[in-house]
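Asks: I'll drop the sequence and a predicted model, then ask my questions.
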Amino acid sequence: MAKRITHQLTYEAPIETVRAMLLDPGFRESVAAQQRAIRSTVEIEGTTVHLETVQPASGIPSFAKKFVGDEIVIDQRENWKGDTADVHVTIPGKPGDMKGTARLTSDGTTTTETVDLEVKVSIPLVGGKIEGLIGDLLVKALKAENRAGREWLAAH
């Protein structure tokens, strides 16, 4: 099984500005803060982004918490080529991942980032439930990233 998540983030800025923001370590650190990460590291080399974020597992259902423990380590890699990135997210040591793309489009003054990921968890019986939970958490994380991006663009 797998669950597909597609979410759009909209910014009142030209595509070049949004692309530069997505490749700025300061922006990525502000996203981690907006997502209430316990700790995070950001590495950006050219158009390759590597993020490691640690989130508390508080508030997730007990059936899922026994698989992840008290903290959730999220390893995210993005390889940008022009206005499209290949995205791969894992939780190291856990059976599952998210793969897909992020794509920027613009009408000149407004830029939309469309994130399209497939969530897959390879755990018998509860994998589908966990995929749904991860999908919900992903949408919340993307909404926090969108807020951080709007704040970042307003300040820069």
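Replies: The structure has been received and is ready for your questions. Residues are numbered from 1 along each chain as shown.

Asks: and the closest residue to residue 149 other than its chain neighbours, how far from residue 143?
Replies: Setting aside the residues directly before and after it, residue 149 is nearest to residue 11 in space (CB to CB, 6 or more residues apart in numbering), at 5.6 Å. All C-beta atoms are positioned from the backbone trio N, CA, C, and that covers glycine. Going from residue 11 to residue 143 by CB to CB, to the nearest Å gives 13 Å.

Asks: pick out whichever of the two has more residues nearby.
Replies: The neighbour count for residue 11 versus residue 143, taken as other CB atoms under 10 Å, is higher for residue 11 (22 against 14).

Asks: residue 107 is in contact with that one, correct?
Replies: No. At 11.6 Å, residue 11 does not count as touching residue 107 under the criterion of CB atoms under 8 Å.

Asks: circling back: the residue nearest to residue 149 bridge partners, please.
Replies: residue 111 (DSSP bridges).

Asks: so what's it up against?
Replies: Contact partners of residue 11, counting by CB atoms under 8 Å, 6 or more residues apart in numbering, are 17, 18, 21, 110, 111, 112, 113, 146, 149, 150, 153.

Asks: redo that, cut-off 7 Å
Replies: 18, 111, 149, 150, 153 (CB atoms under 7 Å, 6 or more residues apart in numbering).

Asks: the last one falls within a strand, correct?
Replies: Right, residue 153. No. Using DSSP: H, G, I helix; E, B strand; the rest coil, the assignment for residue 153 is helix, not a strand.

Asks: that one is in contact with residue 10, isn't it?
Replies: No. Applying CB atoms under 7 Å as the test, residue 153 and residue 10 come out as separate, 11.1 Å apart.

Asks: which of the contacts of residue 11 are buried?
Replies: 18, 111, 149, 153 (16 or more other CB atoms under 10 Å).

Asks: thank you, goodbye.
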